[in-house]
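Engineer: Sequence first, predicted model second:
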Amino acid sequence: RELGLRFSLDDFGTGYSSLGYLKVLPVDAIKIDRTFVRDMCDDPHDAAIVDATLALSHRIGLVVIAEGVEQKEQLEQLRKLRCRSYQGFLYSRPVPAAEFEALAAAQAAELATSPATH
């Protein structure tokens, strides 16, 4: 952190991403695994897992990034749960670095000219 680095725990909620890591690792953010985000609009269990993960993360001061956001309905539900960071095909497919720069500049220009949505 002294060097300005920040760490995220990827694929949170699956595999080896234990809650215990939140106590012992210098984690700044967690990324909710897309398997929960994918079906959260239709599966009450996935919705509850996403909700509980967001609530816990907010209480202990972590940023939460939702992975696999592909539909507007998912984005709307995540926003209702106070999730502020997302990644997924709803925004863009993976692109090479040069294309990313152009894409980011275009989106920044669009945000600068559109009314605030918060």
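Structural biologist: Here it is on my side, so go on.
Engineer: buried stuff in stretch 51-66?
Structural biologist: By 16 or more other CB atoms under 10 Å, the buried positions in stretch 51-66 come out as 51, 53-54, 57, 62-66. (Glycine included, C-beta is placed from N, CA and C.)
Engineer: what is the mean pLDDT for that stretch?
Structural biologist: The pLDDT scores in stretch 51-66 average 94.
Engineer: can you tell me the distance between the two ends of that stretch?
Structural biologist: With CA to CA, to the nearest Å as the measure, the ends of stretch 51-66 fall 11 Å from one another.
Engineer: coming back round to it: which member of the buried residues of stretch 51-66 is positioned nearest residue 85?
Structural biologist: Distance to residue 85 across the buried residues of stretch 51-66 (CB to CB) is lowest for residue 65, with 4.3 Å.
Engineer: Checking that closest one next. Helix, strand or coil?
Structural biologist: Under DSSP: H, G, I helix; E, B strand; the rest coil, residue 65 falls in the strand class.
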